[in-house]
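S.K.: One predicted model, sequence on top.
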Amino acid sequence: MFAVFKTGGKQYRVAAEDVLQVDKIKGEPGEIVEFGEVLVVGGDSVTLGAPMVAGATVAAEVVGQARGPKVIAFKKRRRKNSRRRRGHRQEFTLLRITEILTDGNKPSKTARPKAESAPAAVETAATAEASATHEETSAAATAKKPKSRTKAPADKAKKPAAKEKTKK
């Protein structure tokens, strides 16, 4: 059985036990949250909403709250000596879909034990990929570091001054 629900201005197609990343919503890790804006419920027979399916909800457990990778916004106006650099990290919530409910049923309030449900560090594929890329570039930069172009002062004695030619 699957469902399509709406949150944060986006629509997500989910099934039971799916883990997905949505824009930040209120909730502590281990809490059960409900989404009432269900657009489609599918399975053996598909139920389409007009625009919502009456009495259908999607229950999900909050796995964790985290922040995505840094995105740099850089603006430059040529020949104007004007530059602006701004970073942003989008906050998100990691959810595990527990149940897809129809006919006005209420979700069971029993969540999985904390040891299973919330990993020590909430890390998604996007953040893992971003950190791996960052580590690779850092390692490459340190390994292929060019020699500095400025030379350290040498301990050599100064050359004798050039002899002046005298006119006779």
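M.R.: Received it, and whenever you're ready, just let me know what you need. Residues are numbered from 1 along each chain as shown.

S.K.: Check the burial of Thr98 by counting its neighbours.
M.R.: Taking other CB atoms under 10 Å as the neighbour definition, Thr98 ends up with a count of 21. All C-beta atoms are positioned from the backbone trio N, CA, C, and that covers glycine.

S.K.: Hmm, it is touching Ala59, no?
M.R.: Yes. If you go by CB atoms under 8 Å, Thr98 and Ala59 touch, sitting 5.0 Å apart.

S.K.: you'd agree Val71 is up against Gly87?
M.R.: Yes. With contact defined as CB under 8 Å, Val71 and Gly87 form a contacting pair (7.0 Å).

S.K.: Find the least confident helix or strand in this protein, judged by mean pLDDT.
M.R.: helix 114-117 (a mean of 46; mean pLDDT, DSSP states H and E).

S.K.: mind listing the strands in this structure by residue range?
M.R.: Taking DSSP state E as the criterion, the chain carries its strands at 2-7, 10-15, 19-23, 32-35, 38-42, 47-48, 57-67, 71-77, 82-88, 91-101.

S.K.: Quick check: mean pLDDT of the fifth one?
M.R.: Translated: strand 38-42. Averaged over strand 38-42, pLDDT sits at 89.

S.K.: who touches it?
M.R.: Under the criterion CB atoms under 8 Å, 6 or more residues apart in numbering, residues 1-6, 11, 46-49, 51-53, 56-58, 100, 102 lie in contact with strand 38-42.

S.K.: how much does it deviate in direction from strand 91-101?
M.R.: 50 degrees (axes from the mean of the first three to the mean of the last three CA atoms, to 10 degrees).

S.K.: May I have the strands that pair with strand 38-42, each with its orientation?
M.R.: The strands that strand 38-42 pairs with in its sheet are strand 2-7 (antiparallel), strand 47-48 (antiparallel) (by DSSP bridges).

S.K.: contacts for the shortest one?
M.R.: What that stands for is strand 47-48. Residues outside strand 47-48 that contact it (CB under 8 Å, 6+ apart) are Leu39, Val40, Val41, Val53, Ala56, Thr102.

S.K.: One more pass at 10 Å, please.
M.R.: Outside of strand 47-48, the residues within contact range by CB atoms under 10 Å, 6 or more residues apart in numbering are Ala3, Val4, Val38, Leu39, Val40, Val41, Gly42, Val53, Ala54, Ala56, Thr102.

S.K.: from the residues you listed, which is closest to Pro160?
M.R.: Here the nearest of those to Pro160, counting by CB to CB, is Val4; it sits at 87.5 Å.
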